[in-house]
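A.B. asks: below: sequence and its predicted model.
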Amino acid sequence: MQLACEGNLPDVTTLKINEMFETIQGEGAHTGIPSVFVRLQGCPVGCPWCDTKHTWTLDEAFLTTADQVLNKSEENECFFSVEDDELQTLFEQQGYVARHVVLTGGEPCMYDLRRLTKVLHDAGFSTQIETSGTYEVLCDPRSWVTVSPKVNMKGGLAVLDSALNRANEIKHPVAMQRHIDELDALLARCESLQGVEVCLQPISQQDRATALAVQTCIARNWRLSLQTHKYIGIE
Ligand SMILES: C[S@@+](CC[C@H](N)C(=O)[O-])C[C@H]1O[C@@H](n2cnc3c(N)ncnc32)[C@H](O)[C@@H]1O
Ligand SMILES: Nc1nc2[nH]cc(C(=O)O)c2c(=O)[nH]1
Ligand code: SF4
Ligand SMILES: [Mg+2]
């Protein structure tokens, strides 16, 4: 077995994929960029307002074929398995033209993403990881890491701090003042976050959440992240 130390690639990782599609990145600093979305299966965090609850389970009863998953007409728990070094071939078969790949979920950092992100960057893609900070972020140094910190959730502070240390962007979902206070506490504790772009994302397009996010972004000079894909009815 190969060691996963610097310079070496870890062994092949089997990815479980719930959805794969080409769309426009709708959130955060990369909003507007045509992207291939790879939605990985599994998340134990349990945010009550999560908009991808269909990805939470890792029950093998939902294992199906790539064809079934790629041709889904609605969200469901079904997923297929693929080795990370076979993903690019699938992109080609699907005829994707986007050169930016967003790894999301579920919680993508339940998987070792080092081989996948290295191979993709070496092939000329850029990559972005959307993570909750509840698992260590294992990826290529060239990947853009968006941490949407889930405080007081499973994973613990040490893991969250290591994810925040790797973050290129903090994207915080908000609905109440309490969510802003939690973010303030994180920013105060984590020196590595000085200078990292912070954005607030209203939870589920609620009017009050949006008003709070707008007002706080103006007051703090933070960025607003709307889930723009939901406003225009794309994936
Ligand atoms: C579905 S999560 C998957 C990636 C990872 N588990 C995470 O939480 O970052 C992708 C992004 O959507 C955000 N999100 C999920 N449900 C949302 C909702 N109802 N309203 C606003 N943002 C939401 C998350 O906070 C995260 O930034
Ligand atoms: N268009 C689009 N942009 C997104 N940005 C983050 C998403 C996610 O679910 O992680 C997402 C998504 O599901 N669709
Ligand atoms: S961590 Fe992400 S995928 Fe998991 S429940 Fe929360 S928002 Fe959903
Ligand atoms: Mg989404």
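C.D. replies: Sure, I can see it. Everything numeric in this text was worked out from a predicted model, so none of it was measured. Ligands and ions are numbered 1, 2, ... in the order given.
A.B. asks: only C-alpha atoms from now on, for both contacts and neighbour counts.
C.D. replies: Noted.
A.B. asks: go through the longest strand along the chain and flag the buried ones.
C.D. replies: Counting by DSSP state E, the longest strand found in the chain is strand 14-24. By 16 or more other CA atoms under 10 Å, the buried positions in strand 14-24 come out as 15-24.
A.B. asks: ok and the next helix or strand after that strand relative to strand 14-24, angle-wise?
C.D. replies: Per DSSP states H and E, strand 14-24 leads on to strand 34-40 as the next helix or strand towards the C-terminus. For strand 34-40 against strand 14-24, the angle by axes from the mean of the first three to the mean of the last three CA atoms, to 10 degrees is 150 degrees.
A.B. asks: before we move on, back to that, can you show me the CA trace of the longest strand of the chain as PDB?
C.D. replies: Output of strand 14-24 as PDB, limited to C-alpha atoms (Å, rounded to 0.1, in the frame of the first residue of the first chain):
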ATOM      1  CA  THR A  14     -14.200   4.600  -4.400                       C
ATOM      2  CA  LEU A  15     -16.700   7.400  -4.600                       C
ATOM      3  CA  LYS A  16     -20.400   7.100  -4.100                       C
ATOM      4  CA  ILE A  17     -22.200   9.500  -6.300                       C
ATOM      5  CA  ASN A  18     -25.800  10.600  -5.800                       C
ATOM      6  CA  GLU A  19     -25.900  13.200  -8.700                       C
ATOM      7  CA  MET A  20     -23.700  14.400 -11.400                       C
ATOM      8  CA  PHE A  21     -24.700  17.200 -13.700                       C
ATOM      9  CA  GLU A  22     -23.500  20.300 -15.600                       C
ATOM     10  CA  THR A  23     -24.900  23.600 -14.400                       C
ATOM     11  CA  ILE A  24     -23.800  27.100 -13.300                       C
END
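A.B. asks: end-to-end on stretch 158-172?
C.D. replies: One end of stretch 158-172 sits 19 Å from the other (CA to CA, to the nearest Å).
A.B. asks: residues in contact with that stretch?
C.D. replies: With CA atoms under 8 Å, 6 or more residues apart in numbering as the test, stretch 158-172 has contacts from 28-29, 133-137, 144-149, 183, 190, 192-193, 196-201, 225.
A.B. asks: look up how far ligand 1 lies from whichever residue of the chain sits closest to ligand 2.
C.D. replies: Residue of the chain nearest ligand 2, by CA to the nearest ligand atom: Gly26 (3.7 Å). According to CA to the nearest ligand atom, to the nearest Å, Gly26 stands 10 Å off from ligand 1.
A.B. asks: isn't that residue up against His229?
C.D. replies: Yes: at 5.0 Å, Gly26 and His229 qualify as touching, with contact defined as CA atoms under 8 Å.
A.B. asks: more crowded one of the two?
C.D. replies: Gly26 (22 against 16; other CA atoms under 10 Å).
A.B. asks: what's the per-residue pLDDT of that one here?
C.D. replies: Per-residue pLDDT puts Gly26 at 98.
A.B. asks: would you mind listing what in the chain touches ligand 3?
C.D. replies: Proximity of the chain to ligand 3, by CA under 6 Å from any ligand atom, involves residues 43, 45-47, 50, 52, 105-107, 132.
A.B. asks: thanks a lot, catch you later.
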